[in-house]
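this is a predicted model, with the sequence first.
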Amino acid sequence: MSSDHAAKTISIREMNKYYGNFHALKGLSLEVEAGEFLVLLGPSGCGKSTALRMIAGLESISSGELLIGDQDVTEVLPKYRDIAMVFQSYALYPHKTVAENIGFPLKMAKVPQAEMDEAVRAAAAQVELDGLLDRLPGQLSGGQRQRVALARAIIRRPAVFLMDEPLSNLDAKLRGNMRAELKHMQNELGITTIYVTHDQIEAMTLAHRVAIMKDGELQQLGTPKEVYSNPANLFVAGFMGSPPMNFVEGEISSGQFRAAGMSLPVTGFADNAAVTIGFRPEDCQVVEAGTGQVDASVYTFEMTGDQSLVTFEYEDRHLVVKMPKDFEIASESRAAIAFDPAEANFFDTASGRRLLPAA
Amino acid sequence: MSTRRPGLFEPRAIGQMAPATKILLYTILIVWAAFVLFPIYWLLITSVKTPAAVNQGPFFLPFIDFEPSLHAWKELFVIDYEDTLRAYMNSIIISLSATALSVLVGSMAAYALSRVDYAPNLITILYFVALLAGVGVAVGIYDVDWMLATAVAVALFFLLARAVGRIYEVRLGNGDILFWIISQRILAPIVVVVPIYMMFQSVRLLDTHLAIILTYAVVNLPIVVWLMYDFFNSIPRDLEESAQIDGATMIGTFREIILPLSRAGLAATTLLVMILSWNEYLLALFLSTTKAQTMPILVAAMNAGERGVLWWTMSVTIVVMIIPVVVLAVILQKYITKGLLVGAVKG
Ligand SMILES: Nc1ncnc2c1ncn2[C@@H]1O[C@H](COP(=O)(O)OP(=O)(O)O)[C@@H](O)[C@H]1O
Ligand SMILES: [Mg+2]
């Protein structure tokens, strides 16, 4: 096995990708620290895979620079980048056994057979695949295939792991387990990891930092806590959290936020004719009509086991409130939503940018 | 619970056929099998008949109807063996070479078409064709030296290709290229047999192995490209990309991933092209006279001997001709397996 080299940093500088006239990645700049677990998060088609494949060297870089460690790899072949990749499809070699699949990178590096067997056993043990080494991928379950792909990635101890939605083909329960194992393993190996997903829960639970993308453009980079509580714009605010943040459009004038049936005092904000207020379902309460910030009628009431979700019909939209599991309320009844205006976020409706109070 | 027995037209269980359907189906299959197998049976017994047994026939059962004899086999392999052996060797050399050539070239083309996105400019292609026609006219009608004409055309092409291409941007894609290749098979080969004959005549290659090998390879190329294109397309690109990241070279990727996964396709294609070349008659008839004669020509020639049709020796020849194809089919069929890609992707 190759020497246990230190984890490397990744520097992405003004990286662009054009497919013909289509601008798929727009000037992405990111500094990934050594050993960091960075998650690229965004809706389908926003260019996450494109960015990851450019880092892997599978897609050319139209313009910009890419450094792994202190080496400029912008035009270096994938196999010289010291990376390993887990594909969404797993990309297992169907005609090779589990052992041959896992050992493939070492075979290509011409590692002696005995050393290779030893490394395959160790990698398989790490992902709990012992006893399945002679099977073909076609004879494995989805979760087992996923582990083979993982073992094949870790066997070479690369400087960088790249993962493209590695858990999205698993069922919900398995996904939860694998998520925890993946996090544990990354932490133990300390290998710099870039992980692509459209699932904000995966991003929140796995990442040291999250980079949120939309339409090929980076929206915000920060720790899960930062992007959750201080979203940079409407898009990030709406993307993070489940159920997502509630939005109501209105205006700010002389220290008051006003919208239909809603008026609350705000401090430090300049007058603005188009402002959107955002408040999270978990930051509000259902109270008696007339005693909260906004009155509305209950559209539906759901119990998920660990909590209750109350959906209100307000103007032409729905507002959701998360309540404790023993809370109950009848549909169609009138009630009010109460929240602390200081906890709410305000966004410029036109640009989507978050408005910050003048200290 | 009912104890009534199911009727003749009711299936006994889900997924099974009713007895009446079954009887009908097997009757059809047996009749069809008889149609297919009887000629082969007739061929086998005719090959062990004496001329008398053929002429006084029809006799159907050896040892009962007639006394089998190796008369025809002896005639062909002892007395007349030179002609037979030469045609046999010709057929083997020509089919093997043509098959190897077309499968090699065709699968490379198919692989490229399945993996690389081409966008040739229609105007540039038309410009190329126009220059080609220009050379033909200059040489054929105005007696210009052909080397000079070609040199001028090549120079013109490279000088102006880009400028001409920019006049009007019409891009073709891989689908167009594939269709163009397949369209070569829409024309029956007989349509072009005279030009092919004249071409080989002018380079003095008539009645040689090379002429027939090249012709067969070209005629079969579209079939190879078409079949292998589908096969290569069914291999996910992820596998190659993954191998690349895992440190494989281009050749390593081909040897470790592509070749094992396309083995079934290659085997099936090889078998098909081999059979087509082995049995081809029309083109061989035009391109060979004696030295390069193949088995089908030899068999057909027996139809027109001065002694009338020698059914017995003809049968022997055909039996011998069938053997290699059967052997090849048996060898290759173990590679023609399904389900090779199970487990490559997804859960
Ligand atoms: N080879 C390609 N040619 C043209 N457009 C592409 C190609 N690959 C991806 N795209 C486009 O680039 C955008 C981003 O794709 P992708 O990176 O796969 O998104 P994501 O992984 O975030 O879902 C999509 O709109 C997609 O259609
Ligand atoms: Mg993707």
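Looks like it arrived, so ask away. Residues are numbered from 1 along each chain as shown, chains lettered A, B, ... in the order given. Ligands and ions are numbered 1, 2, ... in the order given.

domain ranges for chain A?
Following automatic domain parsing, one finds the domains of chain A at A:10-235, A:246-355.

how about the ones you listed in a markdown table, adding mean neighbour count and mean pLDDT?
All C-beta spots, glycine's among them, are computed from the backbone N, C-alpha and C. What follows is the domains of chain A, written out as a markdown table (neighbours: other C-beta atoms under 10 Å in any protein chain shown; pLDDT from 0 to 100):
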| stretch | mean neighbour count | mean pLDDT |
| --- | --- | --- |
| domain A:10-235 | 19 | 94 |
| domain A:246-355 | 16 | 91 |
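
please identify which of those domains is closest to residue B:204.
domain A:10-235 (48.2 Å; C-beta to C-beta).

quick one: end-to-end distance for that closest one.
In domain A:10-235, first residue to last residue: 26 Å (C-alpha to C-alpha, to the nearest Å).

tell me the buried residues in the host helix or strand of residue B:41?
Using DSSP states H and E, the element containing residue B:41 is helix B:19-46. Applying a neighbour-count criterion of 16 or more other C-beta atoms under 10 Å in any protein chain shown, one finds B:43, B:45-46 buried in helix B:19-46.

which one of the residues you listed is nearest chain A?
Taking C-beta to the nearest C-beta as the measure, chain A lies nearest residue B:43 of the buried residues of helix B:19-46, at 40.7 Å.

list the residues that contact the residue nearest to the closest one when sequence neighbours are not counted.
What sits nearest to residue B:43 in space, not counting adjacent residues and going by C-beta to C-beta, 6 or more residues apart in numbering or on different chains, is residue B:315, at 5.1 Å. Residue B:315 sits next to B:43-44, B:46-47, B:49, B:72 when contact means C-beta atoms under 8 Å, 6 or more residues apart in numbering or on different chains.

show me the contact partners of stretch A:329-344.
Applying C-beta under 8 Å, 6+ apart, the contact partners of stretch A:329-344 are A:257, A:264-266, A:277-280, A:283-301, A:310, A:312, A:319, A:321.

gap between residue A:79 and residue A:300?
Going from residue A:79 to residue A:300 by C-beta to C-beta, to the nearest Å gives 54 Å.

for residue B:197, that is, sorry about that
Distance, residue B:197 to residue A:300, by C-beta to C-beta: 82 Å.

now swap in residue B:11 and tell me
Here the criterion is C-beta to C-beta. By it, residue B:11 lies 48 Å from residue A:300.

buried ones in the longest helix seen in chain B?
In chain B, taking DSSP state H as the definition, the longest helix is helix B:81-115. Residues of helix B:81-115 classed as buried: B:84, B:86-88, B:90-91, B:94-99, B:101-103, B:105-107, B:109-111, B:113-114 (neighbour count, 16+ other C-beta under 10 Å).

the closest residue to residue A:224 other than its chain neighbours: what's it in contact with?
Excluding the flanking residues, the one nearest residue A:224 by C-beta to C-beta, 6+ apart is residue A:204, at 4.5 Å. Under the criterion of C-beta under 8 Å, 6+ apart, the neighbours of residue A:204 are A:210, A:224, A:228, A:240.

which secondary structure element is home to residue A:204?
Going by DSSP H and E, residue A:204 is in helix A:200-206.

run through who's touching the next helix or strand after that helix.
Using DSSP H and E, the helix or strand that directly follows helix A:200-206 along the chain is strand A:209-214. Residues outside strand A:209-214 that contact it (C-beta under 8 Å, 6+ apart): A:28, A:30, A:36-43, A:46-48, A:51, A:203-204, A:218-224, A:227, A:235-236, A:239-240.

need the CA coordinates for strand A:209-214. PDB is fine.
Extracted C-alpha coordinates of strand A:209-214, given in PDB (Å, rounded to 0.1, in the frame of the first residue of the first chain):
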ATOM      1  CA  ARG A 209     -18.700  23.000   5.700                       C
ATOM      2  CA  VAL A 210     -21.400  23.100   3.000                       C
ATOM      3  CA  ALA A 211     -21.200  24.900  -0.300                       C
ATOM      4  CA  ILE A 212     -24.700  25.500  -1.700                       C
ATOM      5  CA  MET A 213     -25.100  25.900  -5.400                       C
ATOM      6  CA  LYS A 214     -27.800  27.000  -7.800                       C
END
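
ok, and what's touching the helix or strand following that strand?
Using DSSP H and E, the helix or strand that follows strand A:209-214 towards the C-terminus is strand A:217-222. For strand A:217-222, the external contacting residues (C-beta under 8 Å, 6+ apart) are A:26-30, A:42, A:209-213, A:227, A:230-233, A:235-236.

list the contacts of residue 133.
No chain was given, so I picked chain A. The contact partners of residue A:133, by C-beta under 8 Å, 6+ apart, come to A:97-99, A:102, A:120-121, A:124.

would you map the strands across chain B?
Assigned by DSSP state E, chain B shows no strands.

swap that for the stretch 151-300 of chain A, please
Ranges of strands in the stretch 151-300 of chain A, per DSSP state E, counting those that start in this stretch, are A:160-164, A:192-197, A:209-214, A:217-222, A:246-253, A:256-259, A:262-265, A:272-279, A:284-287, A:294-303.

now those strands as TSV including distance to ligand 1?
Conversion of the strands of the stretch 151-300 of chain A to TSV gives the following (distance: least, C-beta to the nearest ligand atom, whole Å):
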stretch	distance to ligand 1
strand A:160-164	7
strand A:192-197	6
strand A:209-214	7
strand A:217-222	12
strand A:246-253	24
strand A:256-259	34
strand A:262-265	36
strand A:272-279	24
strand A:284-287	32
strand A:294-303	30
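
these: which one's closest to residue B:188?
Closest approach to residue B:188 among these is made by strand A:160-164 (49.6 Å; C-beta to C-beta).

just give me how far that closest one sits from the chain centre.
Its chain's C-alpha centre and that of strand A:160-164 lie 14 Å apart, by C-alpha atoms, centre = their mean, to the nearest Å.

and if you look at stretch A:122-139?
Centre-to-centre, stretch A:122-139 and its host chain are 29 Å apart (C-alpha atoms, centre = their mean).

okay, which residue is most central for the chain?
All of this refers to chain A. Centroid check for chain A by C-alpha atoms, centre = their mean gives residue A:203 as the closest residue, at 3.1 Å.

hm, I was asking about chain B
Residue closest to the mean C-alpha point of chain B, counted by C-alpha atoms, centre = their mean, is residue B:273 at 2.5 Å.

contacts only, for that one.
By C-beta under 8 Å, 6+ apart, the neighbours of residue B:273 are B:98-99, B:102-103, B:220, B:223-224.
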